[in-house]
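Colleague: After the sequence you'll find the predicted model.
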Amino acid sequence: GAVVSQHPSRVICKSGTSVKIECRSLDFQATTMFWYRQFPKQSLMLMATSNEGSKATYEQGVEKDKFLINHASLTLSTLTVTSAHPEDSSFYICSAKTDLSGQAFFGQGTRLTVV
Amino acid sequence: GENVGLHLPTLSVQEGDNSIINCAYSNSASDYFIWYKQESGKGPQFIIDIRSNMDKRQGQRVTVLLNKTVKHLSLQIAATQPGDSAVYFCAENNQAGTALIFGKGTTLSVSS
């Protein structure tokens, strides 16, 4: 199957700083990428959908100014957590697919800890 | 609203047994469903999918059943192995058909 790579896999940052997480589709072009957040022992919650070259669509309750998403190319999307706080500590997972009807492939996730 | 849920939060089985994990969904317009396996600290791994024009699909040791009448999805794992221990999620298309919405998850624990 197609490979989606996330970087970094783990990051610890100080409260008030910003953190950028990258999501890359390694062997296919992803017209659409998705960002999810997962708290311990909970399910994946969709944060936003991003299409290459356009603004991301955020789910209700997700602050677009806090979680900045950029999908500048067909193989790269980034999620920047701005002014991070301890409650932003979570497992962030991206997925990518080639078209709206195609299978979504997931990255390995990024464990963010804000101290 | 969109709600994909699971009947049981945990399932414990013996190695070699067959496992059945269930999922209820609420969006009757959903036309695509997927089962994912997630091991600790990793991203979801695709297991099998099914479209709404089918009621059964088989893979290697796994079978997905779809009952649209009662909006129920199940994953059957034959001859369950310790390596199958993980959290299993069902997912369906959201109302717009643009993204996947995940259910709560079932933890499968396989003992030798």
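Modeller: Ah, there it is. Numbers count the residues shown, from 1 in each chain, chains lettered A, B, ... in the order given.
Colleague: Surely A:Trp30 and A:Ala104 touch.
Modeller: Rather than Trp, residue A:30 is Ala. No: with contact defined as CB atoms under 8 Å, A:Ala30 and A:Ala104 do not form a contacting pair (9.4 Å). The way it works is simple: take the backbone N, C-alpha and C, and place the C-beta from them, glycine included.
Colleague: shared neighbours of those two, anything?
Modeller: A:Ala96, A:Lys97 (CB atoms under 8 Å, 6 or more residues apart in numbering or on different chains).
Colleague: which of those two has more neighbours?
Modeller: Taking other CB atoms under 10 Å in any protein chain shown, A:Ala30 and A:Ala104 do not tie; A:Ala30 has more neighbours (29 against 23).
Colleague: Where does the more buried one fall, secondary structure wise?
Modeller: Using DSSP states H and E, A:Ala30 sits in no helix or strand.
Colleague: which ones are touching the closest residue to it other than its chain neighbours?
Modeller: Of all residues not flanking A:Ala30 in the chain, A:Ala96 sits nearest, at 3.5 Å (CB to CB, 6 or more residues apart in numbering or on different chains). Shown in contact with A:Ala96 (CB under 8 Å, 6+ apart): A:2, A:4, A:23, A:25, A:28, A:30, A:32-34, A:77, A:104-105, A:107.
Colleague: One more pass at 7 Å, please.
Modeller: Contact analysis of A:Ala96 by CB atoms under 7 Å, 6 or more residues apart in numbering or on different chains lists A:Val4, A:Cys23, A:Ser25, A:Ala30, A:Met33, A:Ala104, A:Phe105.
Colleague: how much space is there between it and A:His71?
Modeller: 10 Å (CB to CB, to the nearest Å).
Colleague: which bits of chain A sit near chain B?
Modeller: Proximity of chain A to chain B (CB under 7 Å from any CB of the partner chain) is limited to residues A:1, A:34, A:43-44, A:46, A:49, A:93, A:100, A:103-104, A:106-109.
Colleague: Output the residues you listed as JSON lines; include the columns distance to A:Lys64.
Modeller: Compiled in JSON lines, these are given as follows (distance: CB to CB, whole Å):
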{"residue": "A:Gly1", "distance to A:Lys64": "31"}
{"residue": "A:Phe34", "distance to A:Lys64": "15"}
{"residue": "A:Ser43", "distance to A:Lys64": "22"}
{"residue": "A:Leu44", "distance to A:Lys64": "19"}
{"residue": "A:Leu46", "distance to A:Lys64": "14"}
{"residue": "A:Thr49", "distance to A:Lys64": "12"}
{"residue": "A:Ile93", "distance to A:Lys64": "19"}
{"residue": "A:Leu100", "distance to A:Lys64": "22"}
{"residue": "A:Gln103", "distance to A:Lys64": "27"}
{"residue": "A:Ala104", "distance to A:Lys64": "22"}
{"residue": "A:Phe106", "distance to A:Lys64": "23"}
{"residue": "A:Gly107", "distance to A:Lys64": "21"}
{"residue": "A:Gln108", "distance to A:Lys64": "25"}
{"residue": "A:Gly109", "distance to A:Lys64": "22"}
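Colleague: secondary structure element for the residue nearest to A:Val62 when sequence neighbours are not counted?
Modeller: Once flanking residues are discounted, A:Val62 sits nearest to A:Met47: 4.9 Å by CB to CB, 6+ apart. If you go by DSSP H and E, A:Met47 is part of strand A:44-51.
Colleague: From the contact counts, what lies against that strand?
Modeller: On a contact count with 3 or more CB pairs under 7 Å, 6 or more residues apart in numbering or on different chains; DSSP states H and E, strand A:44-51 meets strand A:32-38, strand A:57-58, strand A:67-73.
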